[in-house]
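**Q** Sequence below, structure please.
(2 chains)
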Amino acid sequence: MTSPVIENVRRSLGRSAKAALDVRPGIRDPRLAESADSEEQRFLDEIKKLSGVGGRLSPTELDSALRTLVTEGNVRKATVWETSHLRQLGVTEILNSLGVELVSPNADKHEMAQCDLGITEADYLLPETGTLVMRSSAEKPRAVSLLPRIHLAIVRSEMLRADMHQVFAEAKNSNYLVFITGPSRTADIELTVTLGVHGPKNLYVWMLSE
Amino acid sequence: MRLMSETPTYIGFEEYSEHVPASIPSAVQQATTRFVSGRAARVAEVPEWEDLRQIGSDIRLHTIENMDVYLTQLEEKVLAAGGHVHWAQTADEANRIVLEIANAHDVKLAVKSKSMATEEIGLNHVLEAAGIQAIETDLGEYIIQLAGTGPSHIIVPAVHLKKEEIAAIFSEKLDMNAPADPVELARIAREVLREKFLNAEMGISGGNFLIAETGTLVMVTNEGNGRMCTTMPDLHVAVVGIDKVIPDWESLTVFLRLLARSATGQKLSTYTQFITGPRREAGEFGPKEFHLVLLDNGRSNVLKDPVGREVFKCIRCGACANVCPVYKNVGGFAYGWFISGPIGAILAPQMLGTQTARELPYASTLCGACADVCPVKIPIPTILRHLRRRVAQGDEFAEATLPASIRVTVGLASIALAQNWIYRLGTRVLPALMSIFKRGGWIPRAPYPLSRWTKARPLPPFTANFRGWWKNVRSADSKDARR
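**A** Predicted coordinates:
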């Protein structure tokens, strides 16, 4: 049964129930990607402009980089996406060796909220805006990039896409998708920009060169 | 100060704007100045900006003209994704629907992400009356909820409050000793609201767009409270106006590029979420149940008017308010409803009627700055004039609502201006009359209706007499010619 709201809309527009849809006006052509290097550089530059910390990293440097992050960020508890790639990199083992307590990414939300650090990958990256795009699943839970005060995304250049068109073409059938463009921010009190009001205060994006 | 979230029966813009505290224009202008320069910088980076605006406008207009088809598709897709769809013809119906969902899940605490639609229907009052605590979680909205006032700006609703005032509100309402420091106040709010996010049984949100193609709710936020409200509780209810529907994801690429640049001067807001139904797997977080309440509340009626309905192209960026000389001097309260500025001045008279909001089409200088910045090219000045005509003369959609006193005055003026001898008489009588009220070259106080002017500033007396001047010039000219 058609809702009375739709019927009222139809009547106001003077359309019949069988009225065909007009052709939607076209949009501009999608952006074309530049060279891989310049796309990667652009992405990292944007992260920096957003008050995030972006950098390139080889897998062998991961250990020391995590050590620095854990020490400087005073990280005691962490939660990590259980993806095959992060497992291959041995992220949880490194954290264990640093004495960080690990919480399952599927743990109860109250427990997740105790974490200082959440580590994710990303499904896509947008160079123009410095955006991380993430789908959601049991192995890639949404809360990991949201509840901890520090969010680290370990990403690879093959995740770069030229623009939103390409991302949407590949991901529009996901039940959940989030664009993360910098750390959580507000300017609600006297227009003073404050980071980390509800989401993470610190955003790190490490681009792995392999 | 009045609470905004009740449907007004009369919006007295003139009266409200007279009672705007002096602190409001200066605070509002700090915000608008910031947003105007931020927008200009971001827009300058996009060479195809004008092209994008045109495409955005075309797609919104197309969606309005085919709204029935897109709403039908939207419903189908939300249901297919495992969500629930509710249609609300009125504000009361929408409130009842949300309340029923809450009661069915035994909800005691609800967390809310900023939503104009729930402001429009006054949902918070209804929930509170039913014993359900509904907490605003956008920092600005949270502050004004604690303060018990309305929003002064669409993007930064608490911009009229100084940090000392906010500290005092926090100290009183949260029973603590809050310092007057923005960073510290934000930290306190984070802690207090974190508890609410984790313990609420229901999350309530609005929505920036609804994608018909896949039944997807799109939400744009900066703080992360929108993500919290739609990720932590097991139940998510979104209340969204039917005008928010867009055809497909490809169209969305246009609107996402236009929205944040126009609103806050960002390329993209921090978090943009695309929610299609409830969660699929237990471990991924997100609600078990997703309800979409589609709100009509007078919108379908507005669609009858091909001129006025362009108001629904709006993507709620607030750019029109930021450049409006009237808004910048009165702030959000004076508009008397959930939406202020030029867009409010064309929306309220259409949704609430030109009886309730007959003053709002006149809350403008018709300077046209709003139309120049609108990312979807809403012809706001054209619609303002269209609605002024409706108020003054009536049209096929509504009868004239101008009070008799003004109609008689204007009628008399039009006779006087059309009759040469009355006009000539007036140019002699008026200066004589005015001289009675003259004090030191100005008229500091005049009788009604001129008193409305002199309340704010003195009136200069009419001293010029064009006819006399013209006569002198002519005779001087002819003397010159003879010489």
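
**Q** Report the contact partners of the residue of chain A at minimum distance from chain B.
**A** Closest contact between chain A and chain B, by Cβ to the nearest Cβ, is at residue A:199 (2.8 Å). Where you see a C-beta, it was placed from the backbone N, CA and C, and this is true even at glycine. If a contact means Cβ atoms under 8 Å, 6 or more residues apart in numbering or on different chains, then residue A:199 has A:145, A:146, A:151, A:183, A:184, B:223, B:224, B:227, B:228, B:270, B:271 as its contacts.

**Q** Reformat those as CSV; add secondary structure and distance to residue A:203.
**A** Formatted as CSV, these follow (DSSP: H, G, I helix; E, B strand; the rest coil; distance: Cβ to Cβ, whole Å):
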residue, secondary structure, distance to residue A:203
A:145, helix, 9
A:146, coil, 12
A:151, strand, 5
A:183, coil, 4
A:184, coil, 9
B:223, coil, 14
B:224, coil, 11
B:227, helix, 14
B:228, helix, 17
B:270, coil, 9
B:271, strand, 12
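
**Q** Quick check: pLDDT value at the residue nearest the centre of chain A.
**A** The residue lying closest to the centre of chain A (Cα atoms, centre = their mean) is residue A:132, at 3.7 Å. Per-residue pLDDT puts residue A:132 at 98.

**Q** Also residue B:479?
**A** Value listed for residue B:479 in the pLDDT field: 75.

**Q** which residues touch it?
**A** Residue B:479 neighbours (Cβ under 8 Å, 6+ apart): none.

**Q** Please apply the same query to residue A:164.
**A** Residue A:164 neighbours (Cβ under 8 Å, 6+ apart): A:126, B:252, B:253, B:256, B:257.

**Q** among those residues, which two are most distant?
**A** A:126 and B:252 (13.8 Å; Cβ to Cβ).

**Q** State the next helix or strand along the chain beyond the longest helix belonging to chain A.
**A** For chain A, the helix that runs over the most residues, judged by DSSP state H, is helix A:36-49. Under the assignment DSSP states H and E, the closest C-terminal helix or strand after helix A:36-49 is strand A:53-57.

**Q** Single out the residue in chain B that lies closest to chain A.
**A** residue B:224 (2.8 Å).

**Q** could you measure residue B:95 against residue B:229, distance?
**A** Counting by Cβ to Cβ, to the nearest Å, the gap between residue B:95 and residue B:229 amounts to 18 Å.

**Q** next one: residue A:146
**A** Taken as Cβ to Cβ, the span from residue A:146 to residue B:229 is 11 Å.

**Q** Looking at the two, which one has more neighbours?
**A** residue B:229 (32 against 26; other Cβ atoms under 10 Å in any protein chain shown).

**Q** Quick check: closest non-adjacent residue to that one.
**A** residue B:203 (3.6 Å; Cβ to Cβ, 6 or more residues apart in numbering or on different chains).

**Q** related to what we said a few turns ago, confirm for me that the residue of chain B closest to chain A is in contact with residue A:184.
**A** Yes: using Cβ atoms under 8 Å as the test, residue B:224 is close enough to residue A:184 to be in contact (4.1 Å).

**Q** intersection of neighbour lists for these two?
**A** Joint contacts of residue B:224 and residue A:184 (Cβ under 8 Å, 6+ apart) are A:197, A:198, A:199, A:200, B:270, B:271.

**Q** closest to residue B:171 among the residues you listed?
**A** Nearest member of the shared contacts of residue B:224 and residue A:184 to residue B:171, counting by Cβ to Cβ, is residue A:197, at 19.3 Å.

**Q** tell me the centre residue of chain B?
**A** Short answer for chain B (Cα atoms, centre = their mean): residue B:339, at 2.5 Å.

**Q** Chain neighbours aside, what residue packs nearest to it?
**A** With Cβ to Cβ, 6+ apart, the residue lying closest to residue B:339 is residue B:347, at 5.8 Å.

**Q** residue boundaries of the strands in the stretch 51-200 of chain B?
**A** B:84-88, B:109-112, B:133-136 (DSSP state E, counting those that start in this stretch).

**Q** now could you export just the CA positions of the longest one as PDB?
**A** Only the C-alpha atoms of strand B:84-88 are listed here, as PDB (Å, rounded to 0.1, in the frame of the first residue of the first chain):
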ATOM      1  CA  HIS B  84      11.900  -0.200   9.300                       C
ATOM      2  CA  VAL B  85      10.200   2.700   7.500                       C
ATOM      3  CA  HIS B  86       7.500   4.900   9.200                       C
ATOM      4  CA  TRP B  87       5.600   7.700   7.500                       C
ATOM      5  CA  ALA B  88       4.600  10.700   9.500                       C
END
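
**Q** Check the offset of that strand from the chain's centre.
**A** Taking the mean of its C-alpha atoms, strand B:84-88 sits 25 Å from the chain's own mean (Cα atoms, centre = their mean, to the nearest Å).

**Q** wait, does it contact chain A?
**A** Yes: on the criterion Cβ under 8 Å from any Cβ of the partner chain, strand B:84-88 is in touch with chain A at B:87, B:88.

**Q** Mean confidence (pLDDT) on that strand, please.
**A** Rounded mean pLDDT across strand B:84-88 is 98.

**Q** Was I right to think residue B:158 contacts residue B:146?
**A** No: checked against Cβ under 8 Å, the pair residue B:158 and residue B:146 is beyond contact range at 9.5 Å.
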